[in-house]
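>>> Take a look and give me a structure for this.
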Amino acid sequence: MILTIDIGNTTIGIGVFSGSSLCFCEKISSTEEFSEREYIEKLNEIFASHNLAVEQVKGSILSSVVPRVTEVLKRALEIWTRKTVLLLSCKMELGFHMAVEYPEKVGCDRLADVAGAISEYPLPLITIDMGTATTINVVDKDRTFRGGIIMPGVGTAHKALLGKTAQLPSGDMDMPTHTIGANTQECITSGMVYGNACAIDGLIARINEELVSTCTVIATGGYAHTVIPHCRSAIVMDDCLLMKGLKVLYDINQ
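This next block holds a predicted model:
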């Protein structure tokens, strides 16, 4: 079994692959401070809940966009598995070319999304990962990562709006919406859901224009199920895209 771990700004995704099959994907907080021992305890709990043992882990790969968590969790993994952890970076063999100014500054989650998408979907392609930030990546027909777009995530924008407006109520962004809100709550929900959906549709159209091609579009991330159904573009949902990408990158670098 191969262990795939992604440290994001809000959560840590923990996946286990048996061959090419993802056995499970669990999430724990990345905003809380845990010691090496506490991470090991959490990993043991997760494995026990799936009737698995650490001895079954043959290797692991770690991606992170949160440096303060990276080293602690990496050490915990190496103590727990008694094996060296592969730490994702742009210096590894990626399976695609990089055509950006500063490859070392591209988030590891973006690299994993691209690797996962290239392994399963037709080129050219666009990946959309809707988490704390919404990251959009573009890969052309020659397997070249051309860059992309980063904008505030749905939840991040929602919190910022409510934090700056004393009279606006908080609410559920998953509620059914009308484009024209009949009350303040519906107005906020429409803005968050349809506003993001329209932004994504518009950006996809502009990217297609720049590439002079029609891209396959794949969406993932915690807010994708809230927003993507309201988009008018053809978009494939893949909740496991990032984990699949980590497994692909692990295999390439063995």
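>>> Please count neighbours and contacts with C-alpha atoms only from this point.
Will do.
>>> The stretch 1-150 of the chain: strands as residue ranges?
For the stretch 1-150 of the chain, strands defined by DSSP state E, counting those that start in this stretch occupy the ranges 2-7, 11-18, 21-29, 59-64, 86-87, 97-98, 125-130, 133-139, 144-152.
>>> where along the chain do the helices fall?
Under the criterion DSSP state H, the chain carries helices at the ranges 36-49, 67-81, 108-120, 154-164, 184-211, 224-227, 241-252.
>>> give me phi/psi at residue 9?
When read as degrees, to the nearest 10, the backbone of residue 9 gives phi -70, psi -20.
>>> Could you report the neighbour count for it?
By other Cα atoms under 10 Å, the residues close to residue 9 number 16.
>>> Equivalent analysis for residue 209, please.
With neighbours defined by other Cα under 10 Å, the count for residue 209 comes to 11.
>>> cool, and the one 4 residues further on?
Residues lying near residue 213 (other Cα under 10 Å) number 15.
>>> For the closest residue to it other than its chain neighbours, grab phi and psi.
Spatial nearest neighbour of residue 213, chain neighbours left out: residue 124 (7.6 Å); criterion: Cα to Cα, 6 or more residues apart in numbering. Residue 124 adopts backbone torsions of phi -70, psi 160, taken as degrees, to the nearest 10.
>>> circling back to that earlier point, would a markdown table of the strands of the stretch 1-150 of the chain with distance to residue 239, mean pLDDT and mean neighbour count be doable?
What follows is the strands of the stretch 1-150 of the chain, written out as a markdown table (distance: least, Cα to Cα, whole Å; pLDDT from 0 to 100; neighbours: other Cα atoms under 10 Å):
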| stretch | distance to residue 239 | mean pLDDT | mean neighbour count |
| --- | --- | --- | --- |
| strand 2-7 | 14 | 96 | 25 |
| strand 11-18 | 12 | 95 | 19 |
| strand 21-29 | 10 | 93 | 14 |
| strand 59-64 | 17 | 97 | 23 |
| strand 86-87 | 22 | 97 | 17 |
| strand 97-98 | 24 | 97 | 16 |
| strand 125-130 | 10 | 98 | 26 |
| strand 133-139 | 15 | 97 | 23 |
| strand 144-152 | 19 | 97 | 16 |
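>>> Now do the nearest residue to residue 90 once chain neighbours are set aside against residue 4, distance only.
In space, not counting the residues next to it along the chain, residue 90 is nearest to residue 104; the distance is 5.9 Å by Cα to Cα, 6+ apart. As defined by Cα to Cα, to the nearest Å, residue 104 lies at a distance of 21 Å from residue 4.
>>> Nice, that's everything, thank you.
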